[in-house]
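Asks: here is a sequence with its predicted model. Questions after.
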2 protein chains.
Amino acid sequence: MTRVRVDLNVSLDGFMTTTDQTPESPFGEDWGRLTADYVATRTFRERVLHDSSGEGTTGVDDAYAARYFENLGAEIMGAGMFGLHEHGEDPDWRGWWGDEPPFRVPVYVLTHSPRPTIEFANGTVFQFLGASPAEALESARAAAGGADVRVGGGARTVREFLTAGLVDDLHVAVVPILLGRGENLWSGLRGLEDGYTVTTEAAESGVVHVSFRR
Amino acid sequence: MTRVRVDLNVSLDGFMTTTDQTPESPFGEDWGRLTADYVATRTFRERVLHDSSGEGTTGVDDAYAARYFENLGAEIMGAGMFGLHEHGEDPDWRGWWGDEPPFRVPVYVLTHSPRPTIEFANGTVFQFLGASPAEALESARAAAGGADVRVGGGARTVREFLTAGLVDDLHVAVVPILLGRGENLWSGLRGLEDGYTVTTEAAESGVVHVSFRR
């Protein structure tokens, strides 16, 4: 039975985008702090950095990181996450992830300017759709063959799926820092917990994992 | 060595005041949900409800509730928390707590309309001050005799002490519900974590206890 999943990192005050990017620091220091404990996990090192040294943390954060990659059949992302806002003019742009994107499944990129499908040897296939969240989900669900569909990001895309009530499992890693600005995950989601079972778990790192499951 | 302490309940989206009060439900249902796990503790039942039956939860939430009452030498609160916004016209108003207010120490109430000191047999003494946060803290510190001073509330008073950098220990019980509106604890506190050690602990109830300690 396919479940629609979302995984996010947010600050204690709910911000999931950061605002301190500069030409010298294109991601910004806040983004580094928001993702540090996830990036430090063994799973992230293996799956995203292709580091098979066995290094990385193996505690609660890593358990959630491992679940992130389990039983996924398809992914949906916004145009910005694929890089089309910066690189949409480049017909050869293949995403940020080099020759081994960490998805290994069909990925549906929502864009008003569709482009040809891109296939990678590791199973990652980017397809570009001008579609509503519900329509994109139908395609992804068909492609997933019973496995789960993840809505990967960015912030606006995730919020569209949440407000449309399309998400079955929302996992939020709350990092105990206060960013004070950016796009707030929780904005306009009063009562989201209705219809979900909500659980919380604190990791050794101090990150709090909040899970909404229906 | 006196420490200045704050304890709060907030929703997952940071709201510490609620907005659904009606004449029939003067606290509102949201307030009940925000405080339910605290009110359910054995410590709250004993200390605030004077219930010595031994009932109430005894897990992580109760451990924090017990700490709430430990080593306190004085308390500071805003006029609203004492009830002066509703009852300031009544010269006989003695607060919301009946004959046994749960403080048992000197309590400094910040108000622009000072009134005579009120003493209770259990050690609670309400004194009314037209003073800045720093000035009130000086009085409370002197009265505390080396024990801690708590800034009890309400929302605006707590935020004044936080933004003035006067708080040594901030304990926030984050309740996994989304209120979507009210006064947000975190607003304007970007970087509050600097200078604090921040720890997190999830209770059996799902409440997450976040502690800022310097």
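Replies: Cool, the structure landed.
Asks: and stretch A:206-214, average pLDDT?
Replies: Averaging pLDDT along stretch A:206-214 yields 98.
Asks: flag every buried residue along that stretch.
Replies: Residues A:Gly206, A:Val207, A:Val208, A:His209, A:Val210, A:Ser211, A:Phe212 are the ones in stretch A:206-214 that count as buried (16 or more other CB atoms under 10 Å in any protein chain shown). Heads up, the C-betas are built off the backbone N, CA and C, glycines and all.
Asks: right, and the second one touches A:Val39 too?
Replies: It stands for A:Val207. No: counting by CB atoms under 8 Å, A:Val207 sits too far from A:Val39 to count as a contact (11.7 Å).
Asks: most centrally placed residue in chain A?
Replies: When chain A is reduced to its mean C-alpha position, the nearest residue by CA atoms, centre = their mean turns out to be A:Gly152, at 3.1 Å.
Asks: what lines up beside the strand or helix carrying that residue in the sheet?
Replies: Per DSSP states H and E, A:Gly152 falls inside strand A:148-153. Here strand A:148-153 is paired, per DSSP bridges, with strand A:4-11 (parallel), strand A:72-78 (parallel).
Asks: CSV please, covering these and showing mean neighbour count and mean pLDDT.
Replies: Listed next are those as CSV, based on neighbours: other CB atoms under 10 Å in any protein chain shown; pLDDT from 0 to 100:
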stretch, mean neighbour count, mean pLDDT
strand A:4-11, 22, 97
strand A:72-78, 23, 97
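Asks: so can I have JSON lines of the ones you listed showing distance to B:Asp20?
Replies: Formatted as JSON lines, the strands paired with strand A:148-153 follow (distance: least, CB to CB, whole Å):
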{"stretch": "strand A:4-11", "distance to B:Asp20": "25"}
{"stretch": "strand A:72-78", "distance to B:Asp20": "34"}
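Asks: out of these, which is closest to A:Arg190?
Replies: strand A:4-11 (16.7 Å; CB to CB).
Asks: beyond that closest one, next helix or strand please.
Replies: helix A:29-39.
Asks: any residue of that following helix touching chain B?
Replies: No: applying CB under 8 Å from any CB of the partner chain, one finds helix A:29-39 separated from chain B by no less than 9.5 Å.
Asks: quick check: A:Gly83 touching A:Gly95?
Replies: Yes: assessed by CB under 8 Å, A:Gly83 is found in contact with A:Gly95 at 5.9 Å.
Asks: of the two, which one has the most company?
Replies: Per other CB atoms under 10 Å in any protein chain shown, whichever of A:Gly83 and A:Gly95 has more neighbours is A:Gly95, with 19 against 16.
Asks: quick one: pLDDT of the more buried one?
Replies: With respect to pLDDT, A:Gly95 scores 95.
Asks: next one: A:Asn71
Replies: For A:Asn71, the model assigns a pLDDT of 96.
Asks: how close does it get to A:Val60?
Replies: Distance from A:Asn71 to A:Val60, counting by CB to CB, to the nearest Å: 20 Å.
Asks: of these two, which one has the most company?
Replies: Between A:Asn71 and A:Val60, A:Val60 has the larger neighbour count (other CB under 10 Å), namely 18 against 13.
Asks: so who does that one touch?
Replies: Residues near A:Val60 by CB atoms under 8 Å, 6 or more residues apart in numbering or on different chains: A:Glu201, A:Ala202, A:Ala203, A:Glu204, A:Ser205, A:Val207, A:His209.
Asks: identify, from the residues you listed, the entry nearest to chain B.
Replies: Taking CB to the nearest CB as the measure, chain B sits nearest to A:Ala202 out of these, at 4.4 Å.
Asks: what bridges to that closest one?
Replies: Going by DSSP bridges, A:Ala202 is paired in beta bridges with A:Val208.
Asks: that one - how many residues pack around it?
Replies: The tally of other residues near A:Ala202 (other CB under 10 Å) stands at 20.
Asks: so it makes contact with B:Ala203?
Replies: No: using CB under 8 Å, A:Ala202 makes no contact with B:Ala203, being 9.6 Å away.
Asks: overlap of the contact sets of the two?
Replies: Between them, A:Ala202 and B:Ala203 share no contacting residue, judged by CB under 8 Å, 6+ apart.
Asks: contact partners for the nearest residue to A:Val210 once chain neighbours are set aside?
Replies: Nearest non-adjacent residue to A:Val210, counting by CB to CB, 6 or more residues apart in numbering or on different chains: A:Val172, 4.6 Å away. A:Val172 makes contact with A:Asp7, A:Leu8, A:Asn9, A:Val10, A:Leu185, A:His209, A:Val210, A:Ser211, A:Phe212 under the criterion CB under 8 Å, 6+ apart.
Asks: cool, A:Leu185 as well?
Replies: Contacts of A:Leu185 by CB under 8 Å, 6+ apart are A:Leu8, A:Val10, A:Gly14, A:Phe15, A:Met16, A:Ala155, A:Val158, A:Arg159, A:Val172.
Asks: near chain B, which residues of chain A?
Replies: By CB under 8 Å from any CB, the residues of chain A that approach chain B are A:12-14, A:174, A:176-181, A:184, A:186-193, A:198-202, A:206-208, A:210.
Asks: show me the residues you listed that map onto strands.
Replies: For the residues of chain A next to chain B, the ones inside strands are A:Val174, A:Val198, A:Thr199, A:Thr200, A:Glu201, A:Ala202, A:Val208, A:Val210, with DSSP state E as the criterion.
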